[in-house]
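Okay, sequence plus prediction incoming.
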2 protein chains.
Amino acid sequence: MDGFQKNDRNRARRGHQRAAYDADTVYRILDSHFLCHVGFEIAGQPHVIPTSYWREGNRLYWHGSSASHMVRHLSGGNPATVCVTHLDGLVLARSAFNTSVNYRSVVCFGVPELVTEEAEFDRQMELFFDQLAPARWHQLRPLTAQERKATGLLVMEIEDASAKVRTGGPGDGDEADWPVWAGHVDIHTVTGTSHDAPEGARSPLSHGVLPAFHREL
Amino acid sequence: MDGFQKNDRNRARRGHQRAAYDADTVYRILDSHFLCHVGFEIAGQPHVIPTSYWREGNRLYWHGSSASHMVRHLSGGNPATVCVTHLDGLVLARSAFNTSVNYRSVVCFGVPELVTEEAEFDRQMELFFDQLAPARWHQLRPLTAQERKATGLLVMEIEDASAKVRTGGPGDGDEADWPVWAGHVDIHTVTGTSHDAPEGARSPLSHGVLPAFHREL
């Protein structure tokens, strides 16, 4: 797909010079993180839940307990919004008004469904692991029937999406002589120390278990 | 305030052993970040927007363009949900089912209002800056009447809130002999390089402009 049509739901009304609708930009941002915020509404009350996700083609996947509010509600033909945000920096301008944040974010709209077919469930879970810790899937103790039953896997075809990206320093225009430092400070999300579980095999891992982060989160 | 009452809106249905409702835990998580995701609903369509925020007492504040969808909708007595999430680590268990994420998150519910009084508007903007870059507010070129008019400042009394926190390694129970490494990998959000704006004063800043992050984001 080349891109998403602009419409009333996904069109950026403010800061439209930062907006993008092409599939390449949207997918690249989606593929370099694994934490999203899912928005949905139950009886007039908005809910927002953080969860991990992954993408295949034009579809987003995430999972939760089969008994959870979210999975039950979003198995029933109700709309969801999935937002992914990379916080990349703080932009310190010479005025409060021009002070800003560098970021890459995507908002996706659609109507999720439950994945019920077992082979597809397993294939998707493997895809998920491939993004977090490649080759680990086949080393794990296999899923049991009870675990599959306890896990609700949702899939959402992305009907509309838009990206917003801000990079670089402040846009202070003609205020460059105001006597305060201005510039921007990078913010990175990085992996740190690995901790061995107290029992069992000692770590064969070095840093680098999170390819998602290595794709410049 | 001691804490938030559990009810149908904020009660954690799943993973309730990770849930907390005391104001100390909720406020501590809110005060160590500045990026939130705001959820609201317009005509049956959920929306989620990332934005910066701050807290004073039992109230959350955030701002946007006065002309934005979000500010206009949330000035009109409509409910919002604000979610703040710290991603703290990846938990690599011996089974897919026990694989998890370490995190601290808070969800707050309420009905925002617009802050219209000018002195209060300025006081809140100064509070916001005090969290990001202390003492910077009074060094900036002051706000103009036009900038105040273009900025919609929202305040939301936190009616209900709940926190969820996961720390530590995998809960693999009696599977410790499964032959794969298990443990957890820390994830940190940190400040990096400062970049001077191309024109104007050179940097008097070292690292450390983001006290929010120094409070162990």
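Alright, I've got the coordinates.

wait, A:Lys149 sits on A:Ser65?
No - with contacts counted by C-beta atoms under 8 Å, A:Lys149 stays clear of A:Ser65, the gap being 10.7 Å. Every C-beta, even on glycine, is put in place using the N, C-alpha and C of the backbone.

Looking at the two, which one has more neighbours?
Between A:Lys149 and A:Ser65, A:Ser65 has the larger neighbour count (other C-beta atoms under 10 Å in any protein chain shown), namely 15 against 9.

And the pLDDT at the more buried one?
On pLDDT, A:Ser65 comes in at 95.

Run the contact check for the top helix by length along chain A versus chain B.
In chain A, assigned by DSSP state H, the helix with the most residues is helix A:118-132. Yes - under the criterion of C-beta under 8 Å from any C-beta of the partner chain, chain B is reached by helix A:118-132 at A:125, A:129, A:132.

Can you name the residues in contact with that helix?
A:31, A:34, A:52, A:54, A:56, A:61, A:63, A:115, A:136-137, A:140, A:143, A:148, A:151, A:153, A:155, A:209-212, B:90, B:96, B:99 (C-beta atoms under 8 Å, 6 or more residues apart in numbering or on different chains).

again with stretch A:95-102
A:87-93, A:166-168, A:170-172, A:175, A:178, A:184, A:186-187, B:35, B:52, B:125, B:129, B:137, B:140-144, B:147, B:150-151.

do stretch A:11-19 as well
So stretch A:11-19 is contacted by A:162-166, B:64-65, B:67-69 (C-beta under 8 Å, 6+ apart).

hang on, the earlier thing: what's the mean pLDDT across whichever helix or strand comes after the longest helix of chain A?
Sequence-wise, the next helix or strand downstream of helix A:118-132 (DSSP states H and E) is helix A:145-150. Mean per-residue pLDDT for helix A:145-150: 96.

likewise stretch A:107-125?
On average, stretch A:107-125 scores 97.

what's the spacing between whichever strand or helix holds A:His73 and its chain's center?
Using DSSP H and E, A:His73 maps to helix A:69-74. Centroid displacement of helix A:69-74 relative to its chain, using C-alpha atoms, centre = their mean, to the nearest Å, is 19 Å.

pLDDT at the nearest residue to A:Trp178 once chain neighbours are set aside, what is it?
Spatial nearest neighbour of A:Trp178, chain neighbours left out: A:Arg94 (4.1 Å); criterion: C-beta to C-beta, 6 or more residues apart in numbering or on different chains. Per-residue confidence (pLDDT) for A:Arg94: 93.

count of residues packed around A:Glu120?
Count around A:Glu120 with other C-beta under 10 Å applied: 12.

taking the mean pLDDT, what do you get for stretch A:183-201?
Here the average pLDDT along stretch A:183-201 is 85.

how about the strands in chain A?
Remark: strands assigned in chain A by DSSP state E are A:19-20, A:35-42, A:45-56, A:59-65, A:80-92, A:100-110, A:113-114, A:151-157, A:160-166, A:183-196.

mind putting those strands in TSV, distance to A:Gln5 included?
TSV is the format used below for these (distance: least, C-beta to C-beta, whole Å):
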stretch	distance to A:Gln5
strand A:19-20	13
strand A:35-42	21
strand A:45-56	19
strand A:59-65	18
strand A:80-92	17
strand A:100-110	12
strand A:113-114	22
strand A:151-157	14
strand A:160-166	7
strand A:183-196	31
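
and B:Leu74, which of the ones you listed is closest to it?
Closest to B:Leu74 of the strands of chain A is strand A:45-56 (C-beta to C-beta; 10.5 Å).

Sheet partners, orientation included, of the closest one?
If you go by DSSP bridges, strand A:45-56 pairs up with strand A:35-42 (antiparallel), strand A:59-65 (antiparallel).

List the buried residues in that strand.
A:46-55 (16 or more other C-beta atoms under 10 Å in any protein chain shown).
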